[in-house]
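In: Fold the following and give me the result.
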Amino acid sequence: MTEWQQRLTRRLEAARGDRPVDLLFRGGKVVNVFTGELSPETVAVFDGVVVGFGEREANEIVELAFGLSLGAVAVAVALSFGLGGREAAGKLMEHWLSRWRGGGGG
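Out: The predicted structure follows:
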């Protein structure tokens, strides 16, 4: 098995709960990129990749006092640079931040 296949296998094991994840982020919010809705969620990360949501065994647990999960930022950056739609990505990010701050943002 090649190295990337071994890494993929370990990531899938972590996603299934067959091995502990590296980090578990509690107390953050996750953005639904289709609806713009924010929801509280626990995020599991293994080998630098999000492998799932919800409580599970972890090597380290990070309690977030506040925060918007980095998924929203990552999507905005991907839209901005990957698709060349800097203005659209900026508007989407402003919308999410407004909703997160309680401003509604329509």
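In: ok, and the closest non-adjacent residue to residue 25?
Out: residue 43 (4.5 Å; C-beta to C-beta, 6 or more residues apart in numbering). (Each C-beta comes from the backbone N, C-alpha and C, glycine too.)
In: show me the contacts for that neighbour.
Out: Contact analysis of residue 43 by C-beta atoms under 8 Å, 6 or more residues apart in numbering lists 24, 25, 28, 30, 50, 52, 53, 69.
In: Repeat that for residue 35.
Out: For residue 35, the contact set (C-beta under 8 Å, 6+ apart) is empty.
In: backbone phi and psi for it, please?
Out: Main-chain torsions, residue 35, degrees, to the nearest 10: phi -110, psi -20.
In: Per-residue pLDDT of it, please?
Out: We have a pLDDT of 81 for residue 35.
In: Could you shift the numbering so residue one becomes 25, and keep it that way?
Out: Noted, 25 is the first residue going forward, which turns the last one into residue 59.
In: Okay, it and residue 27: tell me how far apart.
Out: Relative to residue 27, residue 59 is positioned 38 Å away (C-beta to C-beta, to the nearest Å).
In: One more: residue 50?
Out: According to C-beta to C-beta, residue 50 and residue 27 sit 31 Å apart.
In: before we move on, what about residue 122?
Out: Relative to residue 27, residue 122 is positioned 43 Å away (C-beta to C-beta).
In: Among the two, which residue is more densely surrounded?
Out: residue 122 (14 against 7; other C-beta atoms under 10 Å).
In: In terms of helices and strands, where is that one?
Out: Using DSSP states H and E, residue 122 falls within helix 110-124.
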